[in-house]
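> turn this into a model:
(2 chains)
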2 protein chains.
Amino acid sequence: MESHFVRGEHTMRVPMSLFADNRKRLIDRLRTKLPRATEPGSVVLLKGGDEVSLYCTDVSWPFKQESFFQWCFGVEEPECYGALDLASGKSILFFPRHPAEYATWMGRLCPLEEFRQRYQVDETYHVDELERVLSSKGTKKLLLLRGVNSDSGLTTQPATFDGIDKFQTDFDILYPEFCECRVIKSPKEIEVLRYVVKVSSDAHKAVMRMVKPGVAEFQAEAQFLHHAYAVGGCRHVSYTCICGSGENGSILHYGHAGAPNNKVLKDGDMCLFDMGGNYAGYAADITCSFPANGKFTEDQKIVYDAVLDARNAVLQAAKPGVLWSDMHLLANRVMLEALKKADLLQGDVEDMIRAGVHAVFQPHGLGHFLGLDVHDVGGYLPGYPERSAEPGLSKLRTARPLKAGMVLTVEPGCYFIDWLLQKAKADPAQAKFINWANIERFRGFGGVRIEDDVLITETGMENLTDVPRTVEEIEEWMSYKRAEIKLPQELKHLPL
Amino acid sequence: MESHFVRGEHTMRVPMSLFADNRKRLIDRLRTKLPRATEPGSVVLLKGGDEVSLYCTDVSWPFKQESFFQWCFGVEEPECYGALDLASGKSILFFPRHPAEYATWMGRLCPLEEFRQRYQVDETYHVDELERVLSSKGTKKLLLLRGVNSDSGLTTQPATFDGIDKFQTDFDILYPEFCECRVIKSPKEIEVLRYVVKVSSDAHKAVMRMVKPGVAEFQAEAQFLHHAYAVGGCRHVSYTCICGSGENGSILHYGHAGAPNNKVLKDGDMCLFDMGGNYAGYAADITCSFPANGKFTEDQKIVYDAVLDARNAVLQAAKPGVLWSDMHLLANRVMLEALKKADLLQGDVEDMIRAGVHAVFQPHGLGHFLGLDVHDVGGYLPGYPERSAEPGLSKLRTARPLKAGMVLTVEPGCYFIDWLLQKAKADPAQAKFINWANIERFRGFGGVRIEDDVLITETGMENLTDVPRTVEEIEEWMSYKRAEIKLPQELKHLPL
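Numbers count the residues shown, from 1 in each chain, chains lettered A, B, ... in the order given. This next block holds a predicted model:
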């Protein structure tokens, strides 16, 4: 019988076969890449995530599963191991052995057979049986996960255990192949991403109907978190909510502990809210930009529409074979053209890009892979274009040609960042493109970002995001009261 | 001018002088304990918390400040150091030096003088100036924080930095004196605790009005989190929310990743919801137990009233000088008497306690210190009673005599835990006290816990918690719709 990940009874039922399919993809790929993988003895061994203590206290961070392990097994518990036998294709999970007292504090000791059925693997054991079980299967070589994450620069920690020295180990083969599998989403993964993006879209829409001058940024954050959890079952978000209003909209990673969404929205502010839920490990990453009072000023329309034009151009052009770095430059080009038309910039747009003016207004990349990590792995694998050193492009998290099954964010933005404007003003090569008299009006404006989550299809792309995007749609949506949001029938009784 | 910690404009304004007062208390205590501390050269050096990466990704856990550092400085930013000069009493903060690009991603580079005014310390520098500044002050000996947390068994990480070998170091003096300071709350700390306990009480009350059969446990969690954050400004909770219904109420630390508040409430279930917000670092820790449908059955009343009697007895008896371990036994005794009166137990209550029957029904301690940590430090310091080896008492997080200014939880509970009941049944010394025919009715009942946060005063105690507690109060409160909760005037416009 199929088992599922589901929260309560009203959220998406994620079949455990999603993870079985993932395992099969990884095994198949390793078999084609390693001619001798089908001979008995090669086993992929992964370590799941551990609880992390908050300093020296007895409180831990709320556990989140490590993403490579999640992709293979979908296991909710900490401190597990998983093994894939390349020859037989069999999968084994190892769970920690808990003392009887566990039942008092943490809950019933789940029998191994129950774990086996729940996670639909072939066999289950305790972690302290790792060496014995691997030996009994004739394991010769362990393929372990070691590689550098191209966004963080951090190295994954390969699995280790007492007795690992009895086996040969390989730390190089697994990482790039595993990342490549994660880059292309399966139909079942796409359904989960579709769900979490829809839930997060709805949560953004709920926020848009509750904001008004006088509301604090963190109250918008609280509203998002509540909707994503209570309605969508998203216990976690994929990253700290960015709820910038007014000038804070120009701080790309606003919302962190030193800038904790603490300003009160003012009449005339633009809001830039970047928030995404997480369901069954899969991330959404959506940004909505809109006026705090629900009505755009003419200046707000200029900036918003410049970004919207850039976003629309990318959504139209994205399809298999197209280079992501070209999409980045396309977005920049369209945005600069629009800012030029509005008399904020002057001169030739190609010349502006050569001078790096695009990166003054959008210092970040156009978008990134999205999956179990919000900045998903696989951006700069061997055999694909390397990271550029050019302004703007250097921040792009991948430069790869697009391929059906990729899921990416498309997130052009336009910001008025004081120190970058100062720097541009002091640099004659850039300063000449900027109409400084008009730009002054936008000091303190903050910024606009429009971020959609899209799936690359065989012929183009599908936008999974469902929020009001044009000026008219936003003003129309915000003119209604929040109570008029349509909830699924089964949630009607809840005071959300 | 006094500066404050505040969220938006509607939450408590915590004066930075709270932390200055704390520093003064620590310095005064060290001066009396260390005869030569007033001679120049002795400096307390503390390291603030760091961002913690989520595995190898570029996402971090939402930062929470380390509690000893928070107690001294109230600093919201990660990666800082703080120093207290024992002779002069001066305080110095060291902030990380960020590159210009920080302004694009994280926000304006805050000048050191602005940090100085905001945190109201004497001097501010960058972290890379630590050695130079300490040397220039004539520092000879650094007092560093190393000690074992009696709840987690983990050892604090003392501050270290490049160049620390130029100074003498002492790792022993600071920890017990610092913990002792944290045990006794100052008037300003008490005001913050009063606030966060009130906010958390209100959030529990909001939850009680939204639950009903059909609601999922995690939806109650979502409601609590939302109320605590949007109304109270509590971005964090002090521990993972425990929202057990039915049998889950008997799992003491339910709600973790392996048991994530995922059941749907059923008609006839008891709910045991243990949740507390965190404001300016200070924790609340409150448990409410009530029927999912708002009306107690006769059996639910028996268990609830037994626990309520125990709680009332402790609230009446708690005062300076009383041993906390005696309060634990008092609560157990009262509860067992009530269960005996209801024919669930039989025989002499003192004999039951000698046989360990109290720990079958309440396997945890009566309560613990509460402060910046939910299980606050100082439970088993040198010179105070040591941890008992007796059933139940061995789980008590302190056995100290009470003292005015202590804040503790009072949390008696009664649970029907399958494996503990099985064990008792198999043990003739315990089995004879239990009326098995009647106990059978309570299999699957779950449990009841009543947890208040109380301040020990000169003459007794003050209960900071404000939730419905008697059967009548709970039924009355739950009979109203949630919309009728009274919100502060300034929040009336928000759709909470």
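
> doesn't A:A83 fall inside a strand?
Yes - looking at A:A83 with DSSP: H, G, I helix; E, B strand; the rest coil, it is inside a strand.

> host element of A:G232?
Secondary-structure assignment from DSSP states H and E places A:G232 in no helical or strand segment.

> do you know how far the closest residue to it other than its chain neighbours is from chain B?
Counting by C-beta to C-beta, 6 or more residues apart in numbering or on different chains, A:G232 lies nearest to A:V199, which is 3.1 Å off, once chain neighbours are set aside. The C-beta positions use only the backbone N, C-alpha and C, and glycine is treated the same way. A:V199 sits 13 Å away from chain B, going by C-beta to the nearest C-beta, to the nearest Å.

> kindly report the same for A:V410.
Relative to chain B, A:V410 is positioned 20 Å away (criterion: C-beta to the nearest C-beta).

> do the same with A:F218
For A:F218, the distance to chain B - C-beta to the nearest C-beta - is 6 Å.

> give the contact list for that residue.
Applying C-beta atoms under 8 Å, 6 or more residues apart in numbering or on different chains, one finds that A:F218 lies in contact with A:C243, A:P260, A:N261, A:N262, B:R7, B:G8, B:Y229, B:A230, B:G233, B:R235.

> just among those residues, which is most surrounded?
For the contacts of A:F218, the largest number of neighbours (other C-beta atoms under 10 Å in any protein chain shown) sits with A:C243, at 30 neighbours.

> wait, isn't A:H253 in contact with B:E101?
No - A:H253 lies out of contact with B:E101 (C-beta atoms under 8 Å); the separation is 11.4 Å.

> more neighbours: which of those two?
Neighbour comparison, A:H253 and B:E101: the larger count goes to A:H253, with 17 against 11 (by other C-beta under 10 Å).

> who's in contact with the residue nearest the centre of chain A?
The structure's chain A has its C-alpha centroid closest to A:V374; by C-alpha atoms, centre = their mean the separation is 1.8 Å. Contacts for A:V374 were tallied using C-beta under 8 Å, 6+ apart; they are A:S238, A:Y239, A:G276, A:A283, A:D285, A:H368, B:V59.

> do I have it right that the third one meets A:D285?
Right, A:G276. Yes - in this structure, A:G276 is within contact of A:D285 by C-beta under 8 Å, at 4.2 Å.

> what touches both of these two?
Shared contacts of A:G276 and A:D285, defined by C-beta under 8 Å, 6+ apart, comprise A:S238, A:Y239, A:V374.

> will you turn these into a markdown table that also has pLDDT?
Supplementary listing: the shared contacts of A:G276 and A:D285 in a markdown table, determined by pLDDT from 0 to 100:
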| residue | pLDDT |
| --- | --- |
| A:S238 | 95 |
| A:Y239 | 97 |
| A:V374 | 98 |
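
> any chance of those in JSON lines, plus secondary structure and distance to B:T160?
Written out in JSON lines, the entries for those read as follows (DSSP: H, G, I helix; E, B strand; the rest coil; distance: C-beta to C-beta, whole Å):
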{"residue": "A:S238", "secondary structure": "coil", "distance to B:T160": "34"}
{"residue": "A:Y239", "secondary structure": "coil", "distance to B:T160": "30"}
{"residue": "A:V374", "secondary structure": "coil", "distance to B:T160": "33"}
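
> centroid-wise, who is the farthest residue in chain A?
Furthest out from the centre of chain A (C-alpha atoms, centre = their mean) sits A:S136, at 39.6 Å.

> distance of that one relative to A:K185?
As defined by C-beta to C-beta, to the nearest Å, A:S136 lies at a distance of 35 Å from A:K185.

> got the phi and psi for the residue nearest to A:G232?
For A:V199, the backbone dihedrals are phi -60, psi -40 (criterion: degrees, to the nearest 10).

> then A:G446?
According to degrees, to the nearest 10, A:G446 has phi 90, psi -120.

> is it true that it touches A:F416?
Yes - A:G446 sits in contact with A:F416 when judged by C-beta under 8 Å, with a separation of 7.0 Å.

> find residues that contact each of the two.
Shared between the contact lists of A:G446 and A:F416 (criterion: C-beta under 8 Å, 6+ apart) are residues A:S250.

> any idea of the pLDDT on A:Q489?
In this prediction, A:Q489 carries a pLDDT score of 52.

> also A:I173?
Reading off the per-residue confidence, A:I173 sits at a pLDDT of 94.

> neighbours of the nearest residue to it once chain neighbours are set aside, how many?
For A:I173, ignoring the flanking residues on the chain, the nearest one in space by C-beta to C-beta, 6+ apart is A:L143 at 5.6 Å. For A:L143, the number of neighbouring residues by other C-beta under 10 Å comes to 27.

> go on, A:G147?
By other C-beta under 10 Å, 19 other residues sit near A:G147.

> run through chain A and note the low-pLDDT ranges.
For chain A, the stretches with pLDDT under 70 are A:481-496.

> spell out which parts of the stretch 251-400 of chain A neighbour chain B.
Within the stretch 251-400 of chain A, the positions adjacent to chain B are A:251-254, A:256-260, A:262-264, A:363, A:373-375 by C-beta under 8 Å from any C-beta of the partner chain.

> could you dump the contacts of A:V374 to a markdown table with secondary structure, neighbour count and distance to B:A331?
Below are the contacts of A:V374 laid out as a markdown table (DSSP: H, G, I helix; E, B strand; the rest coil; neighbours: other C-beta atoms under 10 Å in any protein chain shown; distance: C-beta to C-beta, whole Å):
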| residue | secondary structure | neighbour count | distance to B:A331 |
| --- | --- | --- | --- |
| A:S238 | coil | 25 | 43 |
| A:Y239 | coil | 23 | 44 |
| A:G276 | coil | 28 | 46 |
| A:A283 | strand | 29 | 46 |
| A:D285 | coil | 28 | 49 |
| A:H368 | coil | 22 | 55 |
| B:V59 | coil | 19 | 43 |
